[in-house]
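>>> any chance you can model this:
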Amino acid sequence: MIDEALSNRTRPIVGITMGDPAGIGPEITLKALVDPRVLRSCVPVVYGDVAVLRRVAELLSLDLPPSVCIADWRNAGMAPESAIIVDCGVLTPEEVCPGVVSAACGKAAYTYLAAAVADAKSGRISAISTAPLHKEALHAAGVNYPGHTEILAALTHTERYCMMLACDELCIGFVTTHVALADVSRILSVERVYEVIRLTAEAAARLRTPSPRLCVCGLNPHAGEGGLFGEEEQNYIVPAIKRALAEGLRVEGPIPPDTAFLPERRDLTDAYVAMYHDQGHIPFKMQAFDRGVNITLGLPIVRTSVDHGTAFDIAWKGIANPNSLVQAIRYAVQLKSFESMKKG
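Coordinates of the predicted model:
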């Protein structure tokens, strides 16, 4: 019945996870729920704790949509027509201290995410957009993953995946993400670099143009300078690029990282492949810190997220900017629409 209800809708149902309750997740979630850009494009369904959201709404004079307990939501045979909150019933407001890391909040954030993933896999919701969680709080709760991306891969049993950051000006896929810089070279392989090139090209074809132009960054200064400053380019990156070219992808590189993001290069590029976290995050966040979206590529479900953290220093103060979450929801709708058209 849910599949039939979804197929008859003009707006997809997008699940929004509240993130860490002690951060800005509750605030930006509530603000996104009344944003016309969100309401025009989808039916938002929040996974969180209604008592916590009610407390934040009262503090900041924000609107609170109707709620339903998660058991009733799962038993329902109809899809919602307007914004609702799915109450996971994990925390009370008294258990949350805004701006403070806690195991209880880490467990809650994981619970919201797991519930949304289960509903996305079953088809109850069309896609997921996530507010930020806190890695230290996750680990305090015994959830030993580096972040959202790895949790999503585990929950969906996905082996080949990567992170992408996207905005109107830039798309960047990442070969490695939340690992120490000293470990990046050890993790690189021809297969991994090729895999991210392919995933990035597929996403850029959905978000940009059917035949995207990719720029692959080198790892070392001057892209290794022919082996003088490192051999990773010759050993891993160049063979991966040659494989992609042989399959018809439009790929250039390895390009020296210090010139890869110059305006002239961006004009000729639809998407980038970065070798490590800061190589791509620094130019991206300089360009679009409050507009960027984090997308997990390779999953069997559509998932987007904000590109910022929990911002504990401004939690529950009414000054958090919801624009990245709004953009994440809009990207989720776009990706899901492309997926649906392709199946059709």
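>>> contacting residues for the closest residue to residue 250 other than its chain neighbours?
Distances taken as Cβ to Cβ, 6 or more residues apart in numbering place residue 213 nearest to residue 250, at 4.8 Å, with adjacent residues excluded. The way it works is simple: take the backbone N, C-alpha and C, and place the C-beta from them, glycine included. Going by Cβ atoms under 8 Å, 6 or more residues apart in numbering, residue 213 touches 250, 252, 268-271.
>>> and stretch 239-252, what's buried?
The neighbour-count check on stretch 239-252 (16 or more other Cβ atoms under 10 Å) flags 239-241, 243-244, 249, 251 as buried.
>>> mind exporting the C-alpha coordinates of it to PDB?
Presented in PDB, the C-alpha positions along stretch 239-252 are these (Å, rounded to 0.1, in the frame of the first residue of the first chain):
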ATOM      1  CA  PRO A 239      46.300   3.600 -14.000                       C
ATOM      2  CA  ALA A 240      42.800   4.300 -12.600                       C
ATOM      3  CA  ILE A 241      42.400   7.300 -15.000                       C
ATOM      4  CA  LYS A 242      43.500   5.200 -17.900                       C
ATOM      5  CA  ARG A 243      40.900   2.500 -17.000                       C
ATOM      6  CA  ALA A 244      38.200   5.200 -16.800                       C
ATOM      7  CA  LEU A 245      39.200   6.700 -20.200                       C
ATOM      8  CA  ALA A 246      39.100   3.200 -21.800                       C
ATOM      9  CA  GLU A 247      35.500   2.900 -20.700                       C
ATOM     10  CA  GLY A 248      34.600   6.200 -22.300                       C
ATOM     11  CA  LEU A 249      34.500   8.500 -19.300                       C
ATOM     12  CA  ARG A 250      35.800  12.100 -19.800                       C
ATOM     13  CA  VAL A 251      38.600  12.300 -17.300                       C
ATOM     14  CA  GLU A 252      41.700  14.500 -16.900                       C
END
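>>> quick check: mean pLDDT of it?
Taken as a whole, stretch 239-252 has an average pLDDT of 98.
>>> cool, and stretch 57-66?
pLDDT averaged over stretch 57-66 gives 96.
>>> ok, and what's touching that stretch?
With Cβ under 8 Å, 6+ apart, stretch 57-66 has contacts from 27, 30-31, 33-34, 46, 50, 53-54, 56, 82-85, 316, 318.
>>> from these, which ones fall inside helices?
The helices, defined by DSSP state H, take in 27, 30-31, 50, 53-54, 56 from these.
>>> where does pLDDT dip in this structure?
1-9, 338-344 (pLDDT under 70).
>>> how about the helices in the stretch 1-150 of the chain?
Under the criterion DSSP state H, counting those that start in this stretch, the stretch 1-150 of the chain contains helices at 2-7, 25-32, 36-41, 50-60, 70-75, 103-122, 135-140, 148-155.
>>> make that the stretch 151-300 of the chain, sorry
Under DSSP H, counting those that start in this stretch, the stretch 151-300 of the chain gives helices at 181-187, 190-207, 232, 238-246, 263-266, 277-288.
>>> can you list the ones you listed in a markdown table and add distance to residue 153?
Formatted as a markdown table, the helices of the stretch 151-300 of the chain follow (distance: least, Cβ to Cβ, whole Å):
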| stretch | distance to residue 153 |
| --- | --- |
| helix 181-187 | 15 |
| helix 190-207 | 12 |
| helix 232 | 24 |
| helix 238-246 | 21 |
| helix 263-266 | 30 |
| helix 277-288 | 17 |
